[in-house]
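Novice: model the following, please.
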Amino acid sequence: MVLTAFLIFAEISFLIQCSGMYLGDFKMIANHLSIPMGIIPGVFVFISVQLLIHLFFALLIWLAAVLVGVALDLSEQKIFRVGIGLWFVSLIAILLANRIYFPNSKFSSILFNSVSIDSAKIFLAILSLILMPAILFAIFGLVFFVYRKIKNKLIGLVGLLVFLFLILICLPFFAPTSSGPLDAGTAEKPNIIIIGMDSVRPDFLGFFGYVQNTPHIDGFMNHATVFSDSLTPLARTYPSWVSILTGIYPKLSGIRTNLADQSQLDLSEALPVLLHADGYQTIFATDETRFSNIDQRYGFDKIITPPIGFNDFLLGTINDFPISNLIINSALGKYIFPNAYGNRAVFATYDPNSFLNLMQPTLIKSRTKPTLFIVHFCLPHFPYAWSALPVKKVTLHHYQMALKRVDQQFHDFMLMLKQNNFLRHSIVVLLSDHGEAVEIPGDRITDPGLFISHQESKKSVIPHFYPPSSTNEQVNMSGGHGTDVLGLPQYHTMLAFRTFGIKPNKIEVVPGIVSLMDIKPTILHFLNLPIGRSSGNPLQDYIFGEKKLVDNRQDFFTESDFSPEAIRSVHPEERKVLFEGIDYFRIDAKTTRIVVRDSMMKMILSSKQYADFYDGWVLALYPQNNKTMMPILVNLNTGYWTNNLNNSFAKNSPASHMLKAMKMFFGNDITSVGM
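Specialist: Modelled structure (predicted):
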């Protein structure tokens, strides 16, 4: 017990040391944010569980040593020595297992940084061989101890065990056969399955000509109606999903940043609300809720998510201990570590299968109503890592591996849907909430060789219209998502519709700009329900009808999110991001959720960039100061661009119409535009 107590203190000290001065960080957070008392029960439970786990470890070692002593008839002194030896060998084995299964754990990266995973496997195998005799002697000691206690009843006990064993063998033969749970979806009211994937850029899919890294997504699209030029109005998860569910622009909903205040959000015509009123069961599931707090208020009967609130940040950050790491993804871990199990934000211990396991109990239930099931997989989000993928420095390779793994997760989920009869009558929508820029040439559409200056000369100096990031990205590069309205890979989304057991969809690729806001009116139009308030358009005629090309002679508006310098990169430093934006947030005392301060929303809006897509052109406005915005006009067909709206290139474009449309839509958000 003394050694285990020492271990606990050592773990805490080590975690503080290698977490970047965690207590100092927490003190700084507390000085900026009022920490509510509501977090205390969760913290108390977490600490209690950790102490009990370590206590159980000590008791298990003690019991094993005693049983070995019984088997070998050892003295108390020798039993004590055996216990000490077992404790040290078991601890080293646990640390090695943590290194193998959780290479991104702080204990893995620091304590065994010089030990490769393959070497760790060899050492663990050796230690297992050392522990095996002790385990066998402990089992023998337990049997011997039990035999001495019940030797007169041994025959009856053996008979009972044999009887129970025979029952277990024969039970499957008497179990009723089942073809799966009952489903209520019909051709008239099919199940609506919306599958979202975070940060997936379409040009990194095999379907669009990239390396064959996503065979299951590609296979789905090969039988779907695919919209090749789908955009999101704001390339951040929460605003994008609110636009999907409500069908309106962030400007109109008021959700214009992650963790925006929801108190004034009108959800009366949200898709789940309308389908619930039409007799649908509504379910939402996601494996990350730190920056996107979607719950029952949106019209969902059931949500399957990690706990929402400050403890997700707090406990998810500190829950990295070698013993508990080995339990997190187990059936027990689901209940004792709710802030870590199936939580993509805790990437060091995240197992993609754990999120599927969270959804399984809901999927296997028989249904009396057709179902709206919305699921969002966050695995491809930065830092593009999970428990099985070691990451020291994020690279393009990690993003590709995350896409490959979420492709498998998508495949497994589709199998679960099929096995549980969701696909007998259904419409499946596959989307990404936004794309991702990875700082490669072309990630911003402003090619330096195609710039047109005031004098119509391509050799003139290119204006400095966007603050440089710490990685010194070039004028045709951008990083992350929601940071730059001309970083089209950030705003370009995956969007495909496929039907099962109902009217078949067309199998083709539809070019032309559509948006994620079109999903709600498309589904409602198919179900012959009123569309209500919507900024999107039904895509019915492209999915089932004769239309093959979207008319782009209509304005589509985008905006950036708040982007402090620390986040304008594909390699954001987490602590720097936190402290640059910490003054922008508050913690709700009742819900313990983090939301943007009202007083800071004006500053966030003043930092935004805006853009309008119209007829093969895009006009973007970049704030230079509190009074002036610089225009950037790009021809999407030729790639030529300028920051001068008075030259002949601009005058032969719809720039004047686009600028007028932006001022009308965004209102006072648009300040004076330098021509």
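Novice: where does pLDDT dip in the chain?
Specialist: Applying pLDDT under 70 to the chain flags the ranges 1-34, 110-113, 144-179, 454-460, 464-473, 563-583, 675.
Novice: can you list the domains in this protein?
Specialist: The record, using automatic domain parsing to delimit domains, assigns the chain the ranges 2-174, 191-306+342-439+478-555, 565-589+598-673.
Novice: dump those domains to TSV, plus mean neighbour count and distance to K334.
Specialist: In short, each C-beta sits where N, CA and C put it, glycine included. Rendered in TSV, the data for the domains of the chain read as follows (neighbours: other C-beta atoms under 10 Å; distance: least, C-beta to C-beta, whole Å):
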stretch	mean neighbour count	distance to K334
domain 2-174	15	13
domain 191-306+342-439+478-555	20	7
domain 565-589+598-673	17	26
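Novice: would you list these in JSON lines and tack on distance to S324?
Specialist: Formatted as JSON lines, the entries for the domains of the chain read as follows, by distance: least, C-beta to C-beta, whole Å:
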{"stretch": "domain 2-174", "distance to S324": "6"}
{"stretch": "domain 191-306+342-439+478-555", "distance to S324": "9"}
{"stretch": "domain 565-589+598-673", "distance to S324": "22"}
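Novice: wait, which of the ones you listed is closest to T317?
Specialist: Taking C-beta to C-beta as the criterion, domain 2-174 is the member of those that comes nearest to T317, at 7.4 Å.
Novice: if I pick the residue nearest the centre of the chain, what's in contact with it?
Specialist: The structure's the chain has its C-alpha centroid closest to C378; by C-alpha atoms, centre = their mean the separation is 2.0 Å. Residues in contact with C378, defined by C-beta atoms under 8 Å, 6 or more residues apart in numbering, are D198, T237, T286, D287, E288, R344, A345.
Novice: can you show me the helices along the stretch 51-200 of the chain?
Specialist: Taking DSSP state H, counting those that start in this stretch as the criterion, the stretch 51-200 of the chain carries its helices at 76-101, 106-111, 117-150, 154-174.
Novice: quick one, which of the domains of the chain gets closest to I328.
Specialist: Across the domains of the chain, I328 has its closest neighbour in domain 191-306+342-439+478-555 (4.9 Å, C-beta to C-beta).
Novice: could the contacts of C378 go into TSV alongside distance to Y614 and secondary structure?
Specialist: TSV is the format used below for those (distance: C-beta to C-beta, whole Å; DSSP: H, G, I helix; E, B strand; the rest coil):
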residue	distance to Y614	secondary structure
D198	29	coil
T237	27	helix
T286	34	strand
D287	37	coil
E288	34	coil
R344	37	coil
A345	38	coil
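Novice: what is the nearest of these to L529?
Specialist: Set against L529, the nearest of the contacts of C378 by C-beta to C-beta is T286 (25.2 Å).
Novice: can you tell me the element the closest residue in space to the closest one that isn't next to it in sequence falls in?
Specialist: Leaving aside its sequence neighbours, T286 sits nearest to H376 (C-beta to C-beta, 6 or more residues apart in numbering; 4.1 Å). For H376, the host element (DSSP states H and E) is strand 371-377.
Novice: gap between that strand and the chain center?
Specialist: Relative to the mean C-alpha coordinate of its chain, strand 371-377 is positioned 14 Å out (C-alpha atoms, centre = their mean, to the nearest Å).
Novice: who are the packing partners of it?
Specialist: Packing partners of strand 371-377 (3 or more C-beta pairs under 8 Å, 6 or more residues apart in numbering; DSSP states H and E): strand 191-197, helix 271-277, strand 281-286, helix 396-419.
Novice: now render those as JSON lines, adding distance to K369.
Specialist: JSON lines is the format used below for the helices and strands packed on strand 371-377 (distance: least, C-beta to C-beta, whole Å):
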{"stretch": "strand 191-197", "distance to K369": "10"}
{"stretch": "helix 271-277", "distance to K369": "9"}
{"stretch": "strand 281-286", "distance to K369": "4"}
{"stretch": "helix 396-419", "distance to K369": "16"}
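Novice: select, out of these, the one closest to K506.
Specialist: Shortest distance between K506 and the helices and strands packed on strand 371-377, using C-beta to C-beta, is found for strand 191-197: 18.8 Å.
Novice: ok and that closest one relative to strand 371-377, angle-wise?
Specialist: Inter-element angle recorded for strand 191-197 and strand 371-377: 10 degrees (by axes from the mean of the first three to the mean of the last three C-alpha atoms, to 10 degrees).
Novice: neighbouring contacts of strand 191-197?
Specialist: Taking C-beta under 8 Å, 6+ apart as the criterion, the residues outside strand 191-197 that touch it are 183, 185, 241, 244, 275, 280, 370-377, 379-380, 406, 410, 413, 417, 422-423, 425-433, 494, 519, 523.
Novice: before we move on, what about stretch 384-404?
Specialist: Where contact means C-beta under 8 Å, 6+ apart, the residues beyond stretch 384-404 that reach it are 101-104, 109, 117, 200, 204-205, 211, 213-214, 329, 344, 347-352, 379-380, 382-383, 405, 436, 438, 440, 570-571.
Novice: kindly recompute the last result at 6 Å.
Specialist: Residues from elsewhere that reach stretch 384-404 (C-beta atoms under 6 Å, 6 or more residues apart in numbering): 102-104, 213-214, 347, 349-351, 379-380, 383, 438, 571.
Novice: got it, and stretch 201-209?
Specialist: By C-beta under 6 Å, 6+ apart, the list of residues contacting stretch 201-209 from outside reads Y210, Q212, T214, I217, D218, M221, G435, E436, P489, M494.
Novice: and the domains of the chain: which comes nearest G333?
Specialist: Comparison of those against G333 by C-beta to C-beta identifies domain 191-306+342-439+478-555 as nearest, at 8.2 Å.
Novice: thinking again about what came up before, would you turn the contacts of stretch 201-209 into a markdown table with distance to N319?
Specialist: Putting these into a markdown table (distance: C-beta to C-beta, whole Å) gives the following:
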| residue | distance to N319 |
| --- | --- |
| Y210 | 36 |
| Q212 | 37 |
| T214 | 31 |
| I217 | 32 |
| D218 | 36 |
| M221 | 38 |
| G435 | 31 |
| E436 | 27 |
| P489 | 34 |
| M494 | 32 |
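Novice: got those as JSON lines, with distance to R444 and secondary structure columns?
Specialist: Written out in JSON lines, the entries for the contacts of stretch 201-209 read as follows (distance: C-beta to C-beta, whole Å; three-state DSSP):
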{"residue": "Y210", "distance to R444": "19", "secondary structure": "coil"}
{"residue": "Q212", "distance to R444": "27", "secondary structure": "coil"}
{"residue": "T214", "distance to R444": "24", "secondary structure": "coil"}
{"residue": "I217", "distance to R444": "26", "secondary structure": "helix"}
{"residue": "D218", "distance to R444": "27", "secondary structure": "helix"}
{"residue": "M221", "distance to R444": "26", "secondary structure": "helix"}
{"residue": "G435", "distance to R444": "13", "secondary structure": "coil"}
{"residue": "E436", "distance to R444": "13", "secondary structure": "coil"}
{"residue": "P489", "distance to R444": "9", "secondary structure": "helix"}
{"residue": "M494", "distance to R444": "20", "secondary structure": "coil"}
